[in-house]
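Asker: Let me see the structure of the following:
(4 chains)
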There are 2 protein chains.
Amino acid sequence: MVQYLHARLDASFAALSDVTRRGVLEHLGRADASITDLADEFRMTLTGMKKHVSVLEQAGLVVTEKVGRVRTCKLGARRLEEETAWIERYRMQWDERFDELDRVVAERVADELKRKKKNDAYQKRK
Amino acid sequence: MVQYLHARLDASFAALSDVTRRGVLEHLGRADASITDLADEFRMTLTGMKKHVSVLEQAGLVVTEKVGRVRTCKLGARRLEEETAWIERYRMQWDERFDELDRVVAERVADELKRKKKNDAYQKRK
DNA sequence: ATAATACTGAACCATATGGTGCAGTATTTA
DNA sequence: TAAATACTGCACCATATGGTTCAGTATTAT
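Answerer: Next up, the predicted model:
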C-alpha cells in the first residue's frame, strides 16, 4: 500500500498542475458534465478534453460512466486527503525551520547587545 | 497579480508532482544542503539535481545562494498557502456535492418507504 | 603549482504532455 | 431510413521532462 503512495501523489499533483484540469474539477464540483459540455466550456476538441478527463480519472479524482452515447463525468471518491496531509506536514516543517532561524537571529541580536553593553561599560570606565 | 495565480499553481503543483523534488523539500525542511549533498542523497548526477532545484526555485519553493564554489539550497518563502487554499475550496465543493447526492439518495429512500407503506396498507385492506 | 572539488552549460536521449485532425462506431433524432 | 450527435482510437506535432555525459570554469586544499 505504502509503496503506491508516492505514485498516487505524483499522479494527483500532476493532475492538478494544469489549469484546464483544475477548471474541470471546479465545474464538476458544481454539476456533472459530459465530455462535450466540458470541451465546449474550455474551447477544446472532444479528443483533447477526453485526454484531460482520462488523466483526472487515472488520478482517481473523477469517475465517468457512459450511458447511451454520452459519457458523464462526476467527482471521484478521492478528497485529496493525502495531498493535503503532505502539504500540512511540509508546512509544519517549514514553520519549525523558520522558527529556528528566528531563534538564531534573535540569539545573534542578543549577543550583539551584550557585546555592546560591555563595550559601553568599558568606554565609560576610560 | 491574479492573472499569475494560475501560472503559480501550475508551477508549484508541477514541482510537487515528482517524488525526488518532494524529497528535496523534506530534506531542506530538516537542514540546508548543497547540490552535492542532494545529488548524493538521491543518487543522481549533479546536473540532474541542479535541474530539480531549478524547478523548485522557479516555483518559489526553494532559494539558493552560491558562496565560493558551493551553492546552498534552503526552503523559500512560499508556504503553499495558495495551493492549500485551492485544495480546501475544492474539498468544500466536494463535500457540498456529496451531501447533495446524499440528500437525493435519502429522498429516494424516503419515497420508497412511503410507497411501500402505502402498498402495505393497500395489501392489508384487500 | 597541482590536484581535487563543486558547480555549470551544452548537447543528447527517451518518454510524456497537451494539443490537433481524421476516420470510424454507436446512439438518437427527425 | 437518413442525418445528426457523442464519443473513441489512431496518427501526428511541438514542446516539456527527467535523466545522462562531457567539457568547461572557479574555488579550495595539499
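Asker: Alongside chain B, which residues does chain A contribute?
Answerer: A:6, A:9-11, A:13-14, A:16-19, A:22, A:25-26, A:28-30, A:75, A:79-80, A:83-84, A:86-88, A:90-91, A:93-94, A:96-98 (C-beta under 8 Å from any C-beta of the partner chain). Just so you know, the C-beta spots here come from the backbone N, C-alpha and C atoms, and that holds for glycine as well.
Asker: domain ranges for chain A?
Answerer: Domain assignment for chain A by automatic domain parsing gives A:2-75, A:80-126.
Asker: All the helices of chain A, residue numbers only.
Answerer: Assigned by DSSP state H, chain A shows helices spanning A:2-16, A:19-30, A:35-41, A:46-58, A:81-125.
Asker: List the buried residues in stretch A:16-36.
Answerer: Residues of stretch A:16-36 classed as buried by neighbour count (16 or more other C-beta atoms under 10 Å in any protein chain shown): A:16-18, A:20-22, A:24-25, A:27-29, A:33-35.
Asker: What about residue A:85, how many residues nearby?
Answerer: A count of nearby residues for residue A:85, using other C-beta atoms under 10 Å in any protein chain shown, gives 12.
Asker: what about it, distance to DNA strand D?
Answerer: 21 Å (C-beta to the nearest atom of the strand, to the nearest Å).
Asker: What of residue A:5?
Answerer: From residue A:5 over to DNA strand D (counting by C-beta to the nearest atom of the strand), the distance is 17 Å.
Asker: Quick one: residues contacting the spatially closest residue to residue A:45 that is not a sequence neighbour.
Answerer: Closest residue to residue A:45 apart from its sequence neighbours, by C-beta to C-beta, 6 or more residues apart in numbering or on different chains: residue A:39 at 6.4 Å. Going by C-beta atoms under 8 Å, 6 or more residues apart in numbering or on different chains, residue A:39 touches A:45, A:46, A:48, A:49.
Asker: Kindly recompute the last result at 7 Å.
Answerer: A:45, A:46, A:49 (C-beta atoms under 7 Å, 6 or more residues apart in numbering or on different chains).
Asker: Could you report the neighbour count for the second one?
Answerer: By other C-beta under 10 Å, 13 other residues sit near residue A:46.
Asker: And for the last one?
Answerer: Burial measure for residue A:49: 24 neighbouring residues, criterion other C-beta under 10 Å.
Asker: Setting aside sequence neighbours, what's the nearest residue to it?
Answerer: Nearest residue to residue A:49, sequence neighbours excluded (C-beta to C-beta, 6+ apart): residue A:39, at 4.0 Å.
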